[in-house]
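sequence and computational prediction follow.
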Amino acid sequence: MSRILIYDNTFPYSGVRPDYKSLQKLSQYFKIITASDEVPSDAETIVNLHGAYFPRNMWRSIKTALLDGASFINIGGGTPVSYPVSYENGVWRTEKLQTEYHRQLYIQNTLEIEPDRIDKIDITDEFPVLRGYEKCFSKNKTSGYVVMFTHKNDVPTDSGTAGPMDAAIFPLIKGYFDNRHTASPVMMIEHYKHDFMGARHMYIAQDTTDEFWANGGADVIKILSDIAELGSYEIRVRPNYALYLENERPTLLINSQKYKKGKNTSAKLSIEITKADKLLYNTEMTIPLEEDVYYTQIPLSIDVEPGFYTLKYVYEAEGEVPRTFRNGFWGRDTEL
């Protein structure tokens, strides 16, 4: 299996190209191929350093590798793989904007978030894999993705889709404006079903800058590749109802499943329930990550009172940093 990075200094590029030092580092992590090459059949990870641009002649081998389970990492702002580029008469010619290719990756289109809507860049505790690399990203224009993760229609007579969710998207770096999340310069799509089941696709949704390469951009790409190759999995902890009557006792539902084929593994899981910052319940356990879905329930010895209860759970899978998620439930309050 090989890690492939597509980069060609004669090929269209949006942003600041990698400097010599960064290219040397990337060449240690990846096999760098030019735009005239084909993606090898044993590719485990494919990195497109050209963002919206891609070689038309290479698309078939890229798609074949992705359907075989390869990870995908796209670096650059705009809509990924939206400008096919063909080699004609000794030069690369950029074709018109096309939607066919990125929609095969479940990205319908993109919306641009202007720099004046970003006043802070920070990591997210949902998956802080890029802690320490925040300076690689800037308050520049960032692309927001419009995705479609449902491909089966449970009601064929209706328009649109209403089937199971095939994937989920998670921000790895967030942009804020007035303390509100307004942009995601780095995103991860975990594929649970359908064409890319088991794969992770990573996207840097800004053009690369001098600061990106100077502050460790090559290492960022390597980290994203490492995380992508671990494959997708799902761990959920939730109450069995969103609302409980006073003095009822809630139950937590836990499910886990790994979607990338390979050895079974496990994850450490910790759960906390608080109300008005008071800790009411906490526990730790190890749960399996296997191809067969795992379910369990935890009845809680909490007599529900009016108000909101916060459920926080943290899990750490093998080879990854802890991931933190929050949800909760209500105790019915007749006075609200």
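Nice, I can see it.

now do the helices in the stretch 201-336 of the chain.
With DSSP state H, counting those that start in this stretch, the ranges of helices along the stretch 201-336 of the chain come out as 210-214, 217-229.

can you say which of these is nearest to Tyr313?
Tyr313 lies closest, by Cβ to Cβ, to one member of those: helix 217-229, at 19.8 Å. In short, each C-beta sits where N, CA and C put it, glycine included.

avg pLDDT for that closest one?
Averaging pLDDT along helix 217-229 yields 96.

and the contacts of that helix?
Identification of contacts with helix 217-229 by Cβ atoms under 8 Å, 6 or more residues apart in numbering yields 3, 5, 18, 22, 25-26, 29-30, 44-45, 47, 71-73, 75, 129-130, 133, 136, 172, 186, 188, 199-202, 204, 208, 212, 319-320.

now, which of the residues you listed lie within helices?
Using DSSP state H, the subset of those located in helices is 22, 25-26, 29, 212.

so how far is Ala70 from the nearest residue to Leu49 once chain neighbours are set aside?
Spatially, and ignoring its direct neighbours in sequence, Leu49 is nearest to Tyr7 (4.4 Å; Cβ to Cβ, 6 or more residues apart in numbering). Per Cβ to Cβ, to the nearest Å, Tyr7 is found 17 Å from Ala70.

more neighbours: those two, which one.
The neighbour comparison of Tyr7 against Ala70 (other Cβ atoms under 10 Å) goes to Ala70, with 26 against 21.

for the residue nearest to Leu49, give its distance to Asp42.
Relative to Asp42, Tyr7 is positioned 19 Å away (Cβ to Cβ).

now do Met202
Distance, Met202 to Asp42, using Cβ to Cβ: 20 Å.

tell me which of these two has more neighbours.
Per other Cβ under 10 Å, whichever of Met202 and Asp42 has more neighbours is Met202, with 24 against 11.

so what's that one bridging to?
Beta-bridge partners for Met202, by DSSP bridges, are Ile73, Met188.

OK, contacts around it?
71-74, 172, 186-189, 224, 227-228.

at 10 Å what do you get?
Neighbour list for Met202: 45, 47, 71-75, 129, 172, 186-189, 220-221, 223-225, 227-228 [criterion: Cβ atoms under 10 Å, 6 or more residues apart in numbering].
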